[in-house]
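Participant: Okay, predicted coordinates and the sequence, questions at the end:
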There are 2 protein chains.
Amino acid sequence: MQTDIHDAHNGFGTIRVYPDKTPIYHQGDSATRIFRVNSGVVMTFRLLEDSRRQITGFCTEGEFFGLSPHGDHMDGAVTVTSAGIQSVSISALETDAGLRAQIMNHSFRKIEDTQNLMMTLTKTSSEARVAAFLVMLADRRLRRQGPNADGLEVSLPMSRLDIADYLGLSRETVSRRLNELKSLGLIGLPDTHTAQINRFDGLRRCAGMMAA
Amino acid sequence: MQTDIHDAHNGFGTIRVYPDKTPIYHQGDSATRIFRVNSGVVMTFRLLEDSRRQITGFCTEGEFFGLSPHGDHMDGAVTVTSAGIQSVSISALETDAGLRAQIMNHSFRKIEDTQNLMMTLTKTSSEARVAAFLVMLADRRLRRQGPNADGLEVSLPMSRLDIADYLGLSRETVSRRLNELKSLGLIGLPDTHTAQINRFDGLRRCAGMMAA
DNA sequence: CGACAAATTGATGTCAGTCAAGCCTCGTGG
DNA sequence: CCACGAGGCTTGACTGACATCAATTTGTCG
């Protein structure tokens, strides 16, 4: 029996690997499947008429995306890096109680995450937002790796513009604030797509709240 | 048999009427019940350490609130006006499939609403936000009443500060933009807590996008 | 190695926040 | 019935943070 990726199953429907910058689905497409990131990074985003963009999330291993209330996707999804993605037909929700519970749990968490993001975007300075972004990535990595906080390197596979569209800033401001955090000694930037966390506590404090 | 409000049932647990400005639950409380607005207006909000506040929603007739992923409420809830509120134990989710479906549907819609709010807060001018807020209230009313768009009066039971904390603005800016929309002829303000929609299309256009 | 895209850096403008003062409304008590 | 007071709303002047525009520099991929 050949292992056609379209037919490969491991308890959550078909599995497939996509190269980076590949659209998984488009905003407005009818939603027939539910997706889960197996490896790599996927970002979801919403577009406005005038081509403005809000990135609604960066999904990594284990996270679901593509959940839609009615027929249509309210966001689009694209791989940031090469990514392994599992998917299952939406109809599986009706039969599989375990999956349903998992999705429900994920939905609640998603609401919380979205509200957290909203708080960050509306109540904090550009510096705090960039710091919060780095803290989020670092936390995510720490959850999977050991708790060696300081000295940790996190990868930033997305472009500055992607970060900007996630944080509601301009790409210039993202650049400025990153270099500001660097000159404060909180982080290092060995190369454009890597950040080194020097003082995690300081970064957290920065993310929490910062008047100026 | 006496109709103790605590024991009154109509298919969705107990019913109770609260006066205005009454807390229903507090942020951080353990979540044991799910709520549904029967009449009146309830607002949910999240607080930050330094007493900043983000209002996450104004709930009216038929809307659920108080859904929490884990044990604790991630937001607080207060009545804006006098309000009739139904509630049911969270354990009913396990037994009642219909309720579960309803809640699930609501959760998806909530994610969408929250993302929409986020778009509004991060991508639009203060004028557009205030216009969008009025459009939302008007739409909500139109869904229940006839489709006589223009001339419609919507009530603003919440304070200017509440609106500001919903839209991520200062109370002064809310005030300024409301009066601006008034002098543009799009709305009328017969009194502080009432807005009259004069040109609904214009208001929509304003809400959609506005450079200046 | 060369060309194009992305990122940085600098200069300037603008929108909304803050501070401060005045107004209007409503409830209270004389 | 009216005077007073308190809280919420409005209006104005000023400030500041981030966007925008523009020019380099750096990075990447053929």
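Facilitator: Noted; the coordinates are in hand.
Participant: Near A:Asp201, how many other residues are there?
Facilitator: By other Cβ atoms under 10 Å in any protein chain shown, 10 other residues sit near A:Asp201. Every C-beta, even on glycine, is put in place using the N, C-alpha and C of the backbone.
Participant: Same question for A:Leu167.
Facilitator: Residues near A:Leu167, counting by other Cβ under 10 Å, number 24.
Participant: these two touch, right, it and A:Phe133?
Facilitator: Yes: at 6.1 Å, A:Leu167 and A:Phe133 qualify as touching, with contact defined as Cβ atoms under 8 Å.
Participant: what about chain A, any weak spots by pLDDT?
Facilitator: Counting by pLDDT under 70, chain A contains low-confidence residues at A:1-11, A:69, A:146-147, A:149, A:209-212.
Participant: 50 instead, please
Facilitator: For chain A, the stretches with pLDDT under 50 are A:1-8, A:211-212.
Participant: Can you spell out the domain ranges of it, please?
Facilitator: Structural domains annotated on chain A: A:14-117, A:124-208, as defined by automatic domain parsing.
Participant: want to throw those into CSV with distance to B:Arg171?
Facilitator: Shown next, in CSV, are these (distance: least, Cβ to Cβ, whole Å):
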stretch, distance to B:Arg171
domain A:14-117, 22
domain A:124-208, 20
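Participant: Mind putting those domains into CSV with distance to DNA strand C?
Facilitator: Formatted as CSV, those follow (distance: least, Cβ to the nearest atom of the strand, whole Å):
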stretch, distance to DNA strand C
domain A:14-117, 10
domain A:124-208, 3
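Participant: To B:Leu184, which of those lies closest?
Facilitator: Smallest distance to B:Leu184 across the domains of chain A (Cβ to Cβ): 21.2 Å, for domain A:14-117.
Participant: Figure out how far the closest one is from the centre of its chain.
Facilitator: Computed by Cα atoms, centre = their mean, to the nearest Å, the chain-centroid distance of domain A:14-117 equals 10 Å.
Participant: Let me see the ranges of the helices in chain A.
Facilitator: A:92-95, A:97-123, A:126-144, A:160-167, A:171-183, A:200-208 (DSSP state H).
Participant: what about the ones you listed, which gets the closest to B:Glu153?
Facilitator: Closest of the helices of chain A to B:Glu153 is helix A:97-123, at 29.1 Å (criterion: Cβ to Cβ).
Participant: near chain B at all, the closest one?
Facilitator: Yes: using Cβ under 8 Å from any Cβ of the partner chain, helix A:97-123 comes into contact with chain B via A:100, A:104-105, A:107-112, A:114-115, A:117-119, A:121-123.
Participant: between the domains of chain A, which one is nearest to B:Asp20?
Facilitator: domain A:14-117 (24.6 Å).
Participant: Can you get me the start-to-end distance on that closest one?
Facilitator: 31 Å (Cα to Cα, to the nearest Å).
Participant: what about the nearest residue to A:Ser30 once chain neighbours are set aside, neighbour count?
Facilitator: Spatial nearest neighbour of A:Ser30, chain neighbours left out: A:Gly71 (5.0 Å); criterion: Cβ to Cβ, 6 or more residues apart in numbering or on different chains. Neighbour count of A:Gly71, defined by other Cβ under 10 Å: 11.
Participant: Stretch A:171-181: how far from the chain's middle?
Facilitator: So, by Cα atoms, centre = their mean, the centroid of stretch A:171-181 is 20 Å from its chain's centroid.
Participant: and that stretch with chain B, contact?
Facilitator: No: counting by Cβ under 8 Å from any Cβ, no contacts exist between stretch A:171-181 and chain B, the nearest distance being 13.1 Å.
Participant: can you tell if that stretch touches DNA strand D?
Facilitator: Yes: applying Cβ under 7 Å from any atom of the strand, one finds stretch A:171-181 in contact with DNA strand D at A:Glu172, A:Thr173.
Participant: Buried residues of that stretch, list them for me.
Facilitator: A:Thr173, A:Val174, A:Ser175, A:Arg177, A:Leu178, A:Glu180, A:Leu181 (16 or more other Cβ atoms under 10 Å in any protein chain shown).
Participant: How about A:Ser170: what's its closest non-neighbour residue?
Facilitator: Nearest to A:Ser170 is A:Ala164, by Cβ to Cβ, 6+ apart, at 5.7 Å.
Participant: my bad, should have said A:Thr173
Facilitator: A:Thr173 sits nearest to A:Ser126 (Cβ to Cβ, 6+ apart), 5.1 Å away.
Participant: residues in contact with the residue positioned nearest the centre of chain A?
Facilitator: Nearest to the geometric centre of chain A sits A:Phe58, at 1.0 Å (Cα atoms, centre = their mean). For A:Phe58, the contact set (Cβ atoms under 8 Å, 6 or more residues apart in numbering or on different chains) comprises A:Val41, A:Val42, A:Met43, A:Val80, A:Met158, A:Tyr166.
Participant: State the number of residues packed around the closest residue to the fourth one other than its chain neighbours.
Facilitator: Ranked by Cβ to Cβ, 6+ apart and with sequence neighbours excluded, the top spatial neighbour of A:Val80 is A:Val41, at 4.2 Å. One way to gauge burial is a neighbour count; for A:Val41, by other Cβ under 10 Å, it gives 20.
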